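Q: everything below, folded, please.
(one chain, ligands or ions: 1)
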Amino acid sequence: MSLVPVKDILDMAVEKNTSVIAFNAIDYNTIYSVCHAAENVGKPVLVMLYPEHHTLNRWIDPEGFAAAVKDVASTVSVPIGMHLDHCYDFNYIIRAIRAGFSCVMYDGSSLPIEENIANTRKVVDVANAFGVTVEAELGHVGFAAASEQSNLDLYTKPDVAADFIERSGCTSLAVAIGSAHGFYKETPHLQIERLAEINAATDAPLVLHGGSGIPNDQLEEAFVNGINKFNVGTEFLQLYLDTMGEFTRNLNGRWMLDFPTYLQGVLMEYLEKKMELSKF
Ligand code: 13P
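A: Residues are numbered from 1 along each chain as shown. Now for the predicted structure:
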């Protein structure tokens, strides 16, 4: 099947009333593990590049990321989508589109709403001309470490969401309903009622960010109430780090060249379990 537009996978999720899972990937190991775990469970999946993992951490640039995703995706039979995660920079979005990303997130959620709408519209007009769709964010999914998920002022308002989607032209919308990025200090409580209200107000696929550490029962409820894309990063990358530590502490005759296959095995076990939530 190889690479397909993210929009095609979102449409499948809408039709099945479930969510595709989008994982933050940083290198060949993570890209390989996500695509092959999806193949093993027979479900579509999304791989995402978070721009700062390139610009700040220097893991991989959009061109290298896209080449690896295209290469690995061509070896599996399930649909794989390639998405650019939180981006604030118009030029970087253009760079990702040129590299082959079929969906880009423009995150104007920290801006005043009219500015968020205007900037998103500008990105949509250019992206759509290349057949690329745009995810926007309304309300603000902050950081768990700052306890921002409990600030109700930052939550997405159902009556504003439909107007935002209409005027910005975005294809999908990330909503703030009680999740936050990073590890939670306390168990989060998603506002499912608010989500259902937002879902009733618009046909656009809704996106849940800050997926690490949300209990499965809440996710199951969210997935049947409008969430069609679910982002996971921190817990996946933490598992990478933990596995690296565990591997080097217990070499048992192995050395560095044995690490990727070992790591991929551990990551795929986690990913396949996580993908059980996706009811394709
Ligand atoms: P976590 O890192 O909290 O899982 O969130 C990932 C995310 O939302 C990426 O956009």
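Q: which residue ranges form the helices in this protein?
A: When secondary structure is read from DSSP state H, the chain shows helices at 6-16, 28-41, 51-55, 62-73, 90-99, 113-129, 158-168, 192-201, 216-223, 234-249, 259-274.
Q: out of those helices, which is the most enclosed?
A: helix 28-41 (a mean of 23; mean count of other Cβ atoms under 10 Å). Heads up, the C-betas are built off the backbone N, CA and C, glycines and all.
Q: circling back to that earlier point, among the helices of the chain, which is nearest the ligand?
A: helix 234-249 (3.4 Å; Cβ to the nearest ligand atom).
Q: save the helices of the chain as a markdown table, and put in distance to Ala136 and mean pLDDT too.
A: Conversion of those to a markdown table gives the following (distance: least, Cβ to Cβ, whole Å; pLDDT from 0 to 100):
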| stretch | distance to Ala136 | mean pLDDT |
| --- | --- | --- |
| helix 6-16 | 14 | 98 |
| helix 28-41 | 24 | 98 |
| helix 51-55 | 16 | 98 |
| helix 62-73 | 20 | 98 |
| helix 90-99 | 12 | 98 |
| helix 113-129 | 5 | 98 |
| helix 158-168 | 6 | 96 |
| helix 192-201 | 13 | 97 |
| helix 216-223 | 19 | 98 |
| helix 234-249 | 22 | 98 |
| helix 259-274 | 25 | 98 |
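Q: out of the ones you listed, which comes closest to Leu84?
A: helix 90-99 (4.3 Å; Cβ to Cβ).
Q: for the helices of the chain, give me TSV that also has distance to the ligand.
A: TSV is the format used below for the helices of the chain (distance: least, Cβ to the nearest ligand atom, whole Å):
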stretch	distance to the ligand
helix 6-16	14
helix 28-41	13
helix 51-55	11
helix 62-73	15
helix 90-99	15
helix 113-129	16
helix 158-168	18
helix 192-201	16
helix 216-223	12
helix 234-249	3
helix 259-274	11
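Q: for Phe183, which of those helices is the nearest?
A: Nearest of the helices of the chain to Phe183, taken as Cβ to Cβ: helix 234-249 at 6.0 Å.
Q: distance from the closest one to the middle of the chain?
A: 20 Å (Cα atoms, centre = their mean, to the nearest Å).
Q: tilt between it and helix 28-41?
A: Going by axes from the mean of the first three to the mean of the last three Cα atoms, to 10 degrees, helix 234-249 is angled at 110 degrees with respect to helix 28-41.
Q: of all the helices of the chain, which lies closest to Tyr106?
A: helix 113-129 (4.3 Å).
Q: that closest one to helix 158-168, inter-axis angle?
A: Going by the same axes, to 10 degrees, helix 113-129 makes 50 degrees with helix 158-168.
Q: show me the contacts for the nearest residue to Pro260 once chain neighbours are set aside.
A: Spatially, and ignoring its direct neighbours in sequence, Pro260 is nearest to Asn29 (5.5 Å; Cβ to Cβ, 6 or more residues apart in numbering). Asn29 is in contact with 240, 260, 263-264, 267, counting by Cβ atoms under 8 Å, 6 or more residues apart in numbering.
Q: count of residues packed around Ser147?
A: Here the number of neighbours of Ser147 (other Cβ atoms under 10 Å) works out to 13.
Q: distance of the nearest residue to it once chain neighbours are set aside relative to Trp59?
A: Once flanking residues are discounted, Ser147 sits nearest to Lys185: 6.4 Å by Cβ to Cβ, 6+ apart. Look at Lys185 and Trp59: by Cβ to Cβ, to the nearest Å, they are 27 Å apart.
Q: contacting residues around the strand ranked longest in the chain?
A: In the chain, taking DSSP state E as the definition, the longest strand is strand 80-87. Strand 80-87 is contacted by residues 1-6, 8-9, 20, 22, 24, 35, 38, 44-51, 62, 65-66, 69, 72-73, 93, 96, 100-107, 135, 137, 231 when judged by Cβ under 8 Å, 6+ apart.
Q: quick check: angle from it to helix 90-99?
A: 170 degrees.
Q: do strand 80-87 and the ligand meet?
A: Yes: Strand 80-87 reaches the ligand (Cβ under 6 Å from any ligand atom) through 85-86.
Q: ok, the residue nearest to Ser147 - contacts?
A: Contacts of Lys185 (Cβ under 8 Å, 6+ apart): 144-145, 147.
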